[in-house]
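> turn this into a structure:
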Amino acid sequence: MSVVLAENSASITASPSPARDIRKTTLSNGLLVLTERMPHLRSVSMGVWIDSGSRDETPERNGISHFIEHMVFKGTTTRSASQLAREVDSIGGNLDAFTGKETVCFNIKVLDENVPAALDLLTDLVLHPTFAPDDLAREQGVILEEIKMDEDNPDYLVHELFTQKFWKGDALGRPILGTAKTVSSFDQAIVLDEYAARFTPQNMVFTAAGNLDHDSFVAEVAEAFSTLPASNARPMRTPPPTAYPHITLKNKKSLEQVQFCLALPALPIADPARYAAYLLNSILGGGMSSRLFQAIREERGLAYSIYSEMNPFRDTGSLAVYAGCAVDKTREVLDLTLAEFRRIKAELVSEEELKRAQDQLKGNMVLGLESSSSRMSNLARQQMYFGRFFSIDEITSEVNRVTREDIQRLAVELIQPEKLALTLLGNLGSLKIEREDLAC
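Next comes the predicted model:
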């Protein structure tokens, strides 16, 4: 099948910031191609993004997205796994992939002079994997070891325990890697079926950023993807999950520390109040000057690691506080965390605190866009979640617009004791936590 450009496909869909030269083209088979020209660089980063991840899997096929991500590196119809590795090294490239709850990405970063070779490698990897049965069996063994390795990591394990209970019964709560039972059940027929359902033009976005010309790059992509037929197929979207306010105490005597996770439901990724949420997170536990870091680590020395983070998804999210501490300090860490929850609901944050959080957030956002690889990722995420592109000026303006009253209002809305979930993992002994202990 010959792929040609759709009419007026080279038009810019959103007014770009003067600092960002973003262009968007849709190929006739439906594949969306986005580029950002960065002529001051010598690198180009490109990625094929699959707009579905582990939360779009059935219980029986939990882990299949991650399994396919591994399997495409095992060889194509024209290259063996070792040939792929040698060719990437020969152009000084960095080829990588990752699987998330809502996306899978295959990406490569090279010098601008090596774009044609890199595009050929990436396209071959994504479009022509063989999924040979012998390779499937070997990779099952690899991933089963990866599952064991992560289960031996207490920081990972507390996150998984929390997630499974918090999003109980929903795919969002199941592990990205899958389980030993599900991974062991995957065969060639299952892999080919899931690959065909997910690797379709309507479920993919191709992004690139760096020293490249949009029109010539799109022509190369159109040629490379000429064998991918048009299809509207994409995995079914599940409804927003229910969050469960559980208390889970998991005894693991081999651990020296108690791993602590206190969380509550929060905003989805595109919520209009997202900037207030990011600032709320920054003030609570998003850096060294945050309230939790200062109160728990600096002033009392109760923990080495203490932080909060936002985990937004397309239709829901969570705000979580993580810490590692001694078992006899766990209740004090919990009480101090709850005290900060109460304080940020009862009192307006200071002007100085808000300004510091705004400057931190803006700095992180701007610094996070300095490389071609970060711009390439940013293009994909803005397209998939927003369908448009935000300039740096627009983002900083929105951050600056957030008031102290906005943060307090959001804190009151989100921080409700009956919605709190707590997971503790470690040598807990006689430690008990009841629902009334979570009053805030």
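
> now do the buried residues in the strand or helix carrying Leu136.
Taking DSSP states H and E as the criterion, Leu136 maps to helix 133-151. The neighbour-count check on helix 133-151 (16 or more other CB atoms under 10 Å) flags Asp135, Leu136, Glu139, Gln140, Ile143, Leu144, Ile147, Asp150 as buried. (Each C-beta comes from the backbone N, C-alpha and C, glycine too.)

> same check, this time on stretch 120-133
Result for stretch 120-133 [16+ other CB under 10 Å]: buried residues Asp120, Leu121, Leu122, Thr123, Asp124, Leu125, Val126, Leu127, Pro129, Thr130, Phe131.

> now render these as TSV, adding distance to Ala243 and secondary structure.
Conversion of those to TSV gives the following (distance: CB to CB, whole Å; DSSP: H, G, I helix; E, B strand; the rest coil):
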residue	distance to Ala243	secondary structure
Asp120	45	helix
Leu121	42	helix
Leu122	37	helix
Thr123	40	helix
Asp124	42	helix
Leu125	37	helix
Val126	35	helix
Leu127	38	helix
Pro129	37	strand
Thr130	41	coil
Phe131	37	coil
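
> which one of these is nearest Cys440?
Distance to Cys440 across the buried residues of stretch 120-133 (CB to CB) is lowest for Val126, with 47.2 Å.

> backbone phi and psi for the closest residue to the closest one other than its chain neighbours, please?
Nearest non-adjacent residue to Val126, counting by CB to CB, 6 or more residues apart in numbering: Val48, 4.9 Å away. With angles defined as degrees, to the nearest 10, Val48 sits at phi -100, psi 120.

> could you count how many residues lie near Val48?
The burial count assigned to Val48 is 24, neighbours taken as other CB atoms under 10 Å.

> likewise the one 4 residues further on?
When neighbours are counted by other CB under 10 Å, Ser52 registers 23.

> any idea how far the spatially most central residue of the chain lies from Asn311?
Compute the mean C-alpha point of the chain, and by CA atoms, centre = their mean the closest residue is Gly100, 5.4 Å away. Distance, Gly100 to Asn311, using CB to CB, to the nearest Å: 11 Å.

> and for Leu414?
Applying CB to CB to Leu414 and Asn311 gives a distance of 13 Å.

> more neighbours, the two?
A direct count of neighbours by other CB under 10 Å for Leu414 and Asn311 places Leu414 higher, at 20 against 17.

> am I right that that one is in contact with Ala273?
No. Counting by CB atoms under 8 Å, Leu414 sits too far from Ala273 to count as a contact (9.7 Å).

> so what's the residue nearest to the centre of the chain closest to, chain neighbours aside?
Gly100's closest residue in space is Gly53 (CB to CB, 6+ apart), at 4.9 Å.

> contact partners for the one you found?
Gly53 makes contact with Ser65, Thr99, Gly100, Lys101, Glu102, Thr103, Val104, Ile176, according to CB atoms under 8 Å, 6 or more residues apart in numbering.

> burial measure for the fourth one, as a count.
This points to Lys101. Counted with other CB under 10 Å, Lys101 comes out at 20.

> what's the answer for the second one, then?
Each residue near Thr99 was counted by other CB under 10 Å, and the total is 21.

> partners of it in the sheet?
Val104 (DSSP bridges).

> my guess is it contacts Ser65. True?
Yes. The pair Thr99 / Ser65 is scored as a contact, 5.1 Å apart, by CB under 8 Å.

> show me the helices in the stretch 1-150 of the chain, by range?
64-71, 81-90, 115-127, 133-151 (DSSP state H, counting those that start in this stretch).

> now do the stretch 151-300 of the chain
Counting by DSSP H, counting those that start in this stretch, one finds helices in the stretch 151-300 of the chain at the ranges 154-166, 180-185, 188-198, 214-224, 274-285, 291-292.

> buried residues of the one helix or strand Leu379 maps to, list them for me.
Element membership of Leu379 [criterion: DSSP H and E] is helix 372-386. Neighbour counts using 16+ other CB under 10 Å place 372-373, 375-385 of helix 372-386 among the buried residues.

> what is the nearest of these to Asp89?
The closest of the buried residues of helix 372-386, once distances to Asp89 are taken by CB to CB, is Ser373, at 18.1 Å.

> quick one, what contacts that closest one?
Counting by CB under 8 Å, 6+ apart, Ser373 touches Ser45, Asn107, Lys109, Ala209.

> hang on, the second one packs against Val44?
No. Counting by CB under 8 Å, Val44 is not a contact partner of Asn107; they are 11.0 Å apart.

> just want to know which of the two has more residues nearby.
Shown here are Asn107 and Val44; by other CB under 10 Å, Val44 has more neighbours (27 against 22).

> show me the beta-bridge partners of that one.
Val110, Gly210.

> can you pull out the strands in the stretch 251-400 of the chain?
258-265, 303-312, 317-325 (DSSP state E, counting those that start in this stretch).

> now the last one and helix 154-166, what's the angle there?
On the basis of axes from the mean of the first three to the mean of the last three CA atoms, to 10 degrees, strand 317-325 is oriented at 140 degrees to helix 154-166.

> and if you look at the shortest one?
Angle of strand 258-265 versus helix 154-166, following the same axes, to 10 degrees, is 40 degrees.
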